[in-house]
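>>> quick check, what structure comes out for this input:
(one chain, ligands or ions: 1)
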Amino acid sequence: MSNIEKYRKYFTKDYLMGPNSFRLLDELIRRKPADVQFHRTLDLGCGYALTSFFIANETDADYVYAFDLWIPATENYLRIQESRLEDKVIPVHGDAMDMPFAHEYFDAVISVDSYHYFGCKEGVFAEKILPFVKKKGCVMIAIPGLKAQPQGELKKLFETWAEGDDSLLFKTAEWWEKLLKKECGNCCEIAVKEAECFDIAWQEWFDSEHEFGIRDKEFLQKGLDQILNFILIYVTKN
Ligand SMILES: C[S@@+](CC[C@H](N)C(=O)[O-])C[C@H]1O[C@@H](n2cnc3c(N)ncnc32)[C@H](O)[C@@H]1O
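Have a look, this model is predicted:
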């Protein structure tokens with residue numbers, strides 16, 4: 001059984017919060033820089049902590065901190081106990097803009113389908129995230145983004161789908177690379193890639209028949225699939 005198949009029971013509208021995060025996370029980990037350590041890993045914006053389960057089971061992480069704003073830690077703790085991962089996965093409620101951890105604590109920070117909600121502003125990465133990463137540690141981010149800025153009818157379609165201000169959370173790979181290079185200067189190695197799992201991650205979200213997935217499918221079929229992508233970002237602290 002592949003890594004992903006073990007998690008198929010979660011590919012439903014009760015658990016998925018968008019395009020299948022297991023696909024994004026699996027690819028994010030497969031394409032990581034060679035020397036990444038997972039010993040203490042932060043799952044930043046973990047949602048229902050399912051991505052934390054995957055990290056706990058499929059990497060050599062000893063501790064995974066399941067950190068989220070919208071989902072209460074107690075709710076995630078119940079799920080963690082059901083999965084018998086309470087010795088490895090630690091639920092924490094909080095805001096990425098004010099994290100309660102020691103500086104230089106994490107070997108890895110992983111963030112799937114979450115970083116764009118709070119990370120688009122200049123200064124966030126360098127001031128709010130990077131201090132918590134050890135030297136030689138790595139921040140790995142998978143987020144939805146744009147192949148290019150949409151124009152004309154596609155721009156209108158995109159803005160209708162993203163309902164106004166949310167459209168500002170979607171950026172190109174070049175935009176993210178420029179922002180992170182500006183913030184991190186020479187203190188980090190930065191790699192930004194386009195993910196390959198676009199079709200299957202969306203298809204499994206549509207198949208869940210979540211009401212938002214049904215709406216997303218209509219918009220992607222009208223042409224949004226031409227401009228959207230998923231972006232993988234790796235920042236290694238020198
Ligand atoms: C679409 S969900 C993805 C959840 C999970 N990573 C997954 O892939 O299934 C986005 C998550 O980002 C989290 N989030 C948004 N803003 C945040 C912030 N400022 N601090 C921490 N988490 C945040 C939300 O709480 C939400 O659970």
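>>> how about the residues of the protein by the ligand?
Residues of the chain lying close to the ligand (CB under 6 Å from any ligand atom) are 17-18, 21, 45-47, 50-51, 68-71, 95-97, 112-114, 117-118. Yep, even glycine has a C-beta here, placed from its N, CA and C like the rest.
>>> among the residues you listed, which lie within strands?
Asp68, Val112 (DSSP state E).
>>> read off the pLDDT value for Ser2.
Looking at Ser2, its pLDDT reads 67.
>>> would you mind measuring from the closest residue to the ligand within the chain to Arg79?
Residue nearest to the ligand within the chain: Gly47 (2.5 Å; CB to the nearest ligand atom). According to CB to CB, to the nearest Å, Gly47 and Arg79 sit 11 Å apart.
>>> contacts only, for Asp107.
Val36, Gln37, Phe38, His39, Arg40, Thr41, Lys134, Gly137, Cys138 (CB atoms under 8 Å, 6 or more residues apart in numbering).
>>> buried subset of those as a ChimeraX selection?
Here is the ChimeraX selection string for the buried members of the contacts of Asp107, based on 16 or more other CB atoms under 10 Å:
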select :36,37,38,40,41,134,137,138
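>>> tell me the one of the contacts of Asp107 nearest Leu157?
Nearest to Leu157 among these: Cys138, at 35.9 Å, using CB to CB.
>>> in which helix or strand does that closest one reside?
In the assignment (DSSP states H and E), Cys138 maps to strand 133-146.
>>> list the buried residues of that strand.
Val133, Lys134, Gly137, Cys138, Val139, Met140, Ile141, Ala142, Ile143, Pro144, Gly145, Leu146.
>>> with stretch 105-125 instead?
Judged by neighbour count (16+ other CB under 10 Å), stretch 105-125 contains these buried residues: 105-116, 118-120, 124-125.
>>> go on, stretch 200-218?
Buried-residue list, stretch 200-218, by 16+ other CB under 10 Å: Ala201, Trp202, Gln203, Glu204, Trp205, Phe206, Ser208, His210, Gly213, Asp216, Lys217.
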